[in-house]
Structures are given as structure tokens and as C-alpha cells.
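Peer 1: Dropping the sequence and predicted coords here.
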Amino acid sequence: MRLGYSHWGFLGDGIADTPDGGRSWRTTMLNTLATDHQPVLLQPNRDLAEAGHDVPGPYTWHQGLPDLDALFLEWRWPLPGRNITACGTPGHTCDLHRQQELLDHYTARGVPTLIWDLDRTLAADDPLRTNPTVRVLDPAGHPPPGARTLRVPVADHVLDTADPEQLASGRRPWALGYVGNQYGRDEHFDRFFAPAAHDHLHQVIGKWTDTDRWPHVVFAGRRPFAAAQQLHCRAVTTVLLAPPRYADTGAISQRLPEAVLAGCLPLGPTDIATIDRFLPSELLISDGRAASRLIDRLQSTTDRRRADLIGKCIRRLDPFRASQQLAVINAALADIGSPAPGIAPTRPSTNASGPITT
């Protein structure tokens, strides 16, 4: 089917000053969708407009309102000072306005719509959740009633060909690294990363603006995407830091496959729901002291032992397999028209991004 796809981000490396976390998996998602559908990208081509790089792929771009069989939204939400200001205002981005235009034109007219609530910002009582034209997809292992789990995709062939011994080899000067932004991760950072950073050579790449409580931590700021990902290739370990809305529901971000497939061992806080599904018990940590002791052991272990742990992590990445995500998407599209499972239909009202008409 002709599938409209709305995302506010990049397909390639993009620009350094962006919070976009989808660059490691978005082209995989589009390539996977293209095996069964014809993706039409409905937001601006930011790779071309901002980074000067037109990323080729099995999709077309359209800034209007083309004929579509279904709509897929990487969900956007109101951000003060950015996408809820008037068009043309300095700093304004039109992602939310464009999303509303798509909802009004397609969803309101009965076009099957998938909402992927990647950042888990869609309100529990948002009428879109009970709209019979809509299915909500959620990265959480324990999604809210009526939603289905959809994880960020990793290409099947990447998982099938990953070589733990090769990934375990090579020099890694950093004992500990983190790639990602602050956004709600202070509690985990304070409990798990900061204590370990006292004892080990480390670096943090990403946007962290409120850091006075951690004067000993090396914050390197944002870096170009490829350069940031290189930290995973040069660090022995990372810590999976999650805001409560992720940790409480078992929403595992792209940082897990990014690290594992670069040979960087991810340490998993035990308060992340279902973390034991994704990491072997040897890599689970209960606090910062446990993290520090584990980093000591992993720094001094053999390449063979490190390869064994990486192999265990790779096998636990199967829930991210792209073919599994495509199956979820196709099943959700096929199901539209039936009442959303687990919730009773209600009349629509006004959501945070504007009035929705059904």
C-alpha cells in the first residue's frame, strides 16, 4: 500500500545540533517498510535542506497531501518556544503544524493511521487512542491498554552477521562512555553513571545543560552523529540510562543495539522493567558502586570473555529484529476498523496538539 510516513529528523548523519535519536534506525525502518509498501515521506527533507545531503532510498518525498492508503506518524508533541509558536517566528519548527494537517486531512477522513509514540508523550486519555481509524504503537514492553509494542528496528542481516570476536577486538581507551541527551535522565545518571565516572576514564556526548552537581564528569557536548557513535567503538562499557517513563514500562531505546553492535558492553540498571530479557545477568547493576566494580572487571577481562558477553547480548537483540517490527506494523494496519483491544471507544475531544475531528 501507499504509506505516508511523517518524521521530524534525519535519514543520514544530519547536523550536530539536533536531539534526533532516530538516525541509527530510521533508514532501516524505511527500507523494511518498502519490502511490503511504498513509503511517501511527508515532512521536509531536512537532510537536504539543513545538511546538504539528499539520502537516496526506496521512498519519495511529498510536501502536499497525496493520495495515501495509510498514514504512519512518528509522534510529535508540543515543545514551548519551538513548534507551538507562529510560523516564521525565530526558532519555530513546523513539525507539529504539519502533523496536525496530516491528521485533519487523512485520519479525520478515515485513512488508517498508525501513531508511533516513541517518546511516550501521547496522553493516556488522548481521544486518538480510541479512534477506530488509529492504532497506537509504543516502544514499551508493557504498553498502555490498546497499544502495541513496536521497537526501533535493527536489520535482520546485521544481527545475523554480527561477529562477537571481531567486535571484542581492538583498543578501547575509554572505560565508560555515554551517547545521548539529558532529557529526564538525571535520576539514573546520578545513581549509576556519576559514581562510576569518579573511578574511570569516561566521556559523555550529548546535550547536558544542568550539570553543576557532577563537576567530576566530562561532558563533551553534542558531536556529529558519526563521531558520537564512535564513542561506542572506543569505550569498554556504557550505562543504559532511562527516564522513568521508559524504565517503568520496559521501553528500551536504540542505545542498546547501538552499543552492542559496536562491541561496547551495556550495563543495565535493574530498575528498568524487563531488562533481564535484553542483557545477561553478568551485566546488570543495582547502583553506581556495582557499576564501578563491574567496569573494573570488564576492563581487565580477556577478549574471549568480552566476546562471550557480546554474543549473549546479540542473541538478546532479537526483539529489535526489523522483520518482527514489520509484522507488528502490518498486523496493526490489518486490525484497523476493529475496536482497539483493551479499551472501550469514547467520543473524541481536543488533544494537546489541536482539535482532532473524526
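Peer 2: Thanks, I have it.

Peer 1: Help me confirm that residue 40 is found in a strand?
Peer 2: Yes - applying DSSP: H, G, I helix; E, B strand; the rest coil, one finds residue 40 inside a strand.

Peer 1: and it, how far is that from residue 64?
Peer 2: 10 Å (C-beta to C-beta, to the nearest Å). C-betas here are computed from N, CA, C, even on glycine.

Peer 1: now do residue 285
Peer 2: The value you get for residue 285 to residue 64, if C-beta to C-beta is used, is 50 Å.

Peer 1: what does residue 214 give?
Peer 2: With C-beta to C-beta as the criterion, residue 214 and residue 64 are 48 Å apart.

Peer 1: pLDDT below threshold where in this structure?
Peer 2: Residue ranges of the chain with pLDDT under 70: 337-358.

Peer 1: Residue 101: what secondary structure?
Peer 2: helix.

Peer 1: what does residue 210 give?
Peer 2: Going by three-state DSSP: residue 210 is coil.

Peer 1: That one against residue 186, yeah?
Peer 2: Yes - contact criterion C-beta atoms under 8 Å: residue 210 and residue 186 qualify, at 7.5 Å.

Peer 1: the more surrounded of those two?
Peer 2: residue 186 (17 against 8; other C-beta atoms under 10 Å).

Peer 1: Might you report the residue contacts of the more buried one?
Peer 2: Taking C-beta atoms under 8 Å, 6 or more residues apart in numbering, we find residue 186 in contact with residue 210.

Peer 1: So which residues of the stretch 1-150 of the chain form strands?
Peer 2: 2-6, 38-41, 60-61, 70-74, 113-116, 134-138, 148-149 (DSSP state E, counting those that start in this stretch).

Peer 1: In JSON lines: those strands, plus mean neighbour count and distance to residue 16.
Peer 2: Shown next, in JSON lines, are those (neighbours: other C-beta atoms under 10 Å; distance: least, C-beta to C-beta, whole Å):
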{"stretch": "strand 2-6", "mean neighbour count": "21", "distance to residue 16": "24"}
{"stretch": "strand 38-41", "mean neighbour count": "18", "distance to residue 16": "22"}
{"stretch": "strand 60-61", "mean neighbour count": "12", "distance to residue 16": "23"}
{"stretch": "strand 70-74", "mean neighbour count": "23", "distance to residue 16": "21"}
{"stretch": "strand 113-116", "mean neighbour count": "25", "distance to residue 16": "25"}
{"stretch": "strand 134-138", "mean neighbour count": "25", "distance to residue 16": "29"}
{"stretch": "strand 148-149", "mean neighbour count": "18", "distance to residue 16": "32"}
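
Peer 1: Including distance to residue 231, could these go into a markdown table?
Peer 2: As requested, those are exported to a markdown table (distance: least, C-beta to C-beta, whole Å):
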| stretch | distance to residue 231 |
| --- | --- |
| strand 2-6 | 30 |
| strand 38-41 | 29 |
| strand 60-61 | 32 |
| strand 70-74 | 25 |
| strand 113-116 | 27 |
| strand 134-138 | 28 |
| strand 148-149 | 29 |
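
Peer 1: Which of those sits closest to residue 327?
Peer 2: strand 148-149 (10.7 Å; C-beta to C-beta).

Peer 1: Can you tell me the strand partners of the closest one and which way each runs?
Peer 2: Strand 148-149 pairs in its sheet with strand 134-138 (parallel), by DSSP bridges.

Peer 1: ok, residue 235 - contacts?
Peer 2: Applying C-beta under 8 Å, 6+ apart, the residues contacting residue 235 are 172, 174, 175, 176, 177, 202, 203, 264.

Peer 1: Name the SS class of the residue lying closest to it once chain neighbours are set aside, please.
Peer 2: With sequence-adjacent residues excluded and distances taken as C-beta to C-beta, 6 or more residues apart in numbering, residue 235 is closest to residue 177, at 3.3 Å. Here residue 177 is recorded as strand under three-state DSSP.

Peer 1: from now on call the first residue 16
Peer 2: With 16 as the first residue, the last one maps to residue 192.

Peer 1: Buried residues in stretch 287-294, which are they?
Peer 2: Across stretch 287-294, burial judged by 16 or more other C-beta atoms under 10 Å covers 287, 288, 290, 293, 294.

Peer 1: Show me which pair in these is furthest apart.
Peer 2: Among those, 288 and 294 lie farthest apart (C-beta to C-beta), at 12.8 Å.

Peer 1: Rebuild the buried residues of stretch 287-294 as TSV, extending it with secondary structure.
Peer 2: Putting the buried residues of stretch 287-294 into TSV (three-state DSSP) gives the following:
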residue	secondary structure
287	coil
288	coil
290	helix
293	coil
294	coil
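
Peer 1: need those in JSON lines with distance to residue 20, can you?
Peer 2: JSON lines is the format used below for the buried residues of stretch 287-294 (distance: C-beta to C-beta, whole Å):
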{"residue": "287", "distance to residue 20": "29"}
{"residue": "288", "distance to residue 20": "29"}
{"residue": "290", "distance to residue 20": "30"}
{"residue": "293", "distance to residue 20": "27"}
{"residue": "294", "distance to residue 20": "31"}
